[in-house]
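Novice: give me a 3D structure for the following:
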Amino acid sequence: MSTTTLAVLVPLLPFLGALTGLLLGRTAPGFVRPLAVLPTFASLLLAVLVAARQSGGQAVDSATELTPTGSVPVELALHIDGFAALTAVLVGVVATCVQIYSTGYLRDDSRYPSYAALVSLFTSAMLLVVYSGDLMVLLVGWEVMGICSYFLVGHYWETPEARAASLKAFLVTKLGDVPFLIGLFALAGGAGSFRITRILGAVANGGIEHPTLIALLLLAGVAGKSAQFPLHTWLPDAMAGPTPVSALIHAATMVAAGVYFVARLLPLFEASRAAMVVLAVMAAVTMTGSALAALAQDDIKRVLAYSTIGQLGYMTGALAVADRGAAVFHLLSHGAFKALLFLAAGVIIHAAGTNSLAAMSRMSNLRDRVPDAYWTMTVALLALAAIPPFSGFFSKEAVLGVAEHVVTGHTEGAPAAAGWIVLLAGLLTAVLTAAYATRLWLLAFRGHGTEAPDHGRQPLAMTTVLWVLAVPSLAVGGLAFRALPDWFDGHDLTPTLTTSVLGTGVALVGGIVTYATWRHTTALAGRVPMGAVAAHPSADAGQVEAEAIATHEPAYGDVAHAPDPADPGRLLLGPLHRHAAVGFHLDAVYTALFVRPVRAGASLVRFLDREVVETYVRGAGTLPRWLGAAVRRAQTGNVQTYVSALLAGTVVLAVAAVLVATGA
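Specialist: The predicted structure follows:
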């Protein structure tokens, strides 16, 4: 079987599994789980086979025209280079793990059949994006993922949070997709084709007019899909969906699609230095802002959501310094340990028996109750904090190393300003990442919150997946940076001494300072009445203790709903904490700038429609109604009345005729 045929089957098998699952989900429930797992697993095996045949060598290209369009043709095209081959393997691994995990996590969910089918469709759409060699076909997968995310995030539609989150995710991403679509048409119009290879050829030959404008239009869609500033606000709210969905969206689909798209068309962005600087600024703001927000969150899934936003910022930072090898390397590494983090968080939530107990301030004694989640999440958090020898160290170091090369002039193709922006923001984010990773580990596994009910040992399907994902989280970085250059255009990914020392040093500083702060606040919390903390949630522990001693304030009732006085994030962020906890009020800003004006406009239109337009409509109907009423009154049914009216009319006509004749 040819490589092209195998590649076609990779996205096709999950699609057929999704279609069959939707058709047989209710009539044959016994087939639901096999239809969820087996097609995705078979797709993974085929993706591995395609990658083995491609081997980082010559790209596999194949195309056939779908239908004559009269202008720019649309082709069913494949373009599989080393980036595509490895990304498809990542998607297959994470999707298979999510499907297996979901058989245990949602085993009692009545809507599991539709859920599993949508996950398979989601996987198929991402694989279509990865392998597609035509931008219009890529757009199909791009938009199908948006629809799937809407339904999956809103899986628990009974809750208002899930309904609002799904709608917000859909609208925000569509907001970016409008300029994205315009940019695609402008790009194809300039190149005369939607084929990626022909577009890149046109870019190389200078055949694309206004590359800056096109690049910025495309970046709007990328910002929405990959949750980059300023269109990132939908992703933390999307945690209202099932935890396995979060793992899939954050690790291997949806948010990875935007980064992958820019990596595919990176020469277009390199043609505009202004676009590269904009990309660098977007990455820097996203990295630092999301890391600060993560340090202030109490919900474990929201911490991981902001973490994803920040790590995607690293990837876009690598693209801003014109190195797609480092960007995709971190995409692969991040996919493994972020999927592990979310699935381990799902084990914790499942052990608590309710999604509402994801607040870290309420967690207690989890190390002994969920040992599999404890050990595997520890590995994933070390990878997230970029501590050697875990995978995150090597991939994050690749990003920082490339930025340093741009700054020192060893690498051309990117503005020096972009290099400085990415390097400084990356180092600052490394400190904050280690801080919130350490905080998460301390509060989740060594916290002293409310004891949740023990729901027994977790299903084997869930815990086994954690250990499977722990292997690449630990080992993939050290092995990959030597092997991946052959797959990634020959770009060297070996760690450099300067950024390795700086990156690891600042990460250790962030972790140690957070641990010391936690020890301090834990000791202090023993002397602070809980009611004082509940009454002053934005104050630091020292201020609360002083006020409590001065006022002799007694403890208040519900400890479970009070903020954890041993939370080091409050002391580390100080007055910034309350702003970071709500995402620096961006939702409020967007509400003031967009939501309220739109609602005001809608209210005005409704007023004009009801009070003005309908007034004319009602008036137009009133006059005929009055005439009809008058005529109806004349229809008495009395023959004498009709004869009298006829004679009267005859007399009037006769008199009128005489008058006319006399006048003539």
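Novice: only C-alpha atoms for contact and neighbour calcs from this point on.
Specialist: OK.
Novice: give me the phi and psi for residue 79.
Specialist: Summarising the backbone geometry of residue 79 under the convention degrees, to the nearest 10, its torsions are phi -140, psi 100.
Novice: and it, how many residues sit next to it?
Specialist: Applying other C-alpha atoms under 10 Å, we find 21 other residues in the vicinity of residue 79.
Novice: thought it was touching residue 54?
Specialist: No: using C-alpha atoms under 8 Å, residue 79 is not in contact with residue 54, being 11.1 Å away.
Novice: tell me which residues touch the residue nearest to residue 514 when sequence neighbours are not counted, please.
Specialist: Counting by C-alpha to C-alpha, 6 or more residues apart in numbering, residue 435 is the residue found nearest to residue 514 once chain neighbours are left out, at 5.6 Å. Residue 435 makes contact with 295, 507, 510, 511, 513, 514 under the criterion C-alpha atoms under 8 Å, 6 or more residues apart in numbering.
Novice: from these, which two are the most distant?
Specialist: Comparing every pair within the contacts of residue 435 by C-alpha to C-alpha identifies 295 and 507 as the most remote, at 14.2 Å.
Novice: the two: which is more packed in?
Specialist: Set side by side, residue 295 and residue 507 give different neighbour counts by other C-alpha under 10 Å, the larger being at residue 295 (29 against 24).
Novice: phi and psi next, for that one.
Specialist: Phi and psi for residue 295, reported as degrees, to the nearest 10, are phi -70, psi -10.
Novice: where's it relative to residue 51, distance?
Specialist: The spacing between residue 295 and residue 51, counted by C-alpha to C-alpha, to the nearest Å, is 38 Å.
Novice: how about residue 44?
Specialist: Summarising the geometry, the distance separating residue 44 from residue 51, computed by C-alpha to C-alpha, is 10 Å.
Novice: any shared contact partners between the two?
Specialist: Applying C-alpha under 8 Å, 6+ apart, one finds that residue 44 and residue 51 are jointly contacted by residue 89.
Novice: this protein: strands as residue ranges?
Specialist: Chain-ordered strands for the chain, with DSSP state E as the definition, fall at 60-67, 74-80.
Novice: what is the first one packed up against?
Specialist: So that's strand 60-67. Using 3 or more C-alpha pairs under 8 Å, 6 or more residues apart in numbering; DSSP states H and E as the contact criterion, the elements in contact with strand 60-67 are helix 3-24, strand 74-80.
Novice: just those: most buried one?
Specialist: Looking across these with neighbours counted as mean count of other C-alpha atoms under 10 Å, the highest average goes to strand 74-80: a mean of 22.
Novice: residues in contact with that strand: which ones?
Specialist: Strand 74-80 is contacted by residues 4, 54, 59-68, 131-134, 136-137, 193-196 when judged by C-alpha under 8 Å, 6+ apart.
Novice: let's see 7 Å
Specialist: When contacts are defined by C-alpha atoms under 7 Å, 6 or more residues apart in numbering, strand 74-80 is touched by residues 59-67, 131-134, 136-137, 194.
Novice: compare the residues you listed and tell me which is most surrounded.
Specialist: Most crowded among these, counting by other C-alpha under 10 Å, is residue 132 at 28 neighbours.
Novice: how about that one, nearest residue that isn't a chain neighbour?
Specialist: Computed as C-alpha to C-alpha, 6+ apart, the closest residue to residue 132 that is not its neighbour in sequence is residue 78, at 4.8 Å.
Novice: tell me the spacing between that neighbour and residue 218.
Specialist: Between residue 78 and residue 218 the distance is 21 Å, computed by C-alpha to C-alpha.
Novice: ditto for residue 521
Specialist: Counting by C-alpha to C-alpha, the separation of residue 521 from residue 218 is 46 Å.
Novice: neighbours of residue 265, how many?
Specialist: Here the neighbour count serves as a burial measure; for residue 265 (other C-alpha under 10 Å) it reads 17.
Novice: got it, and the one 5 residues further on?
Specialist: The burial count assigned to residue 270 is 22, neighbours taken as other C-alpha under 10 Å.
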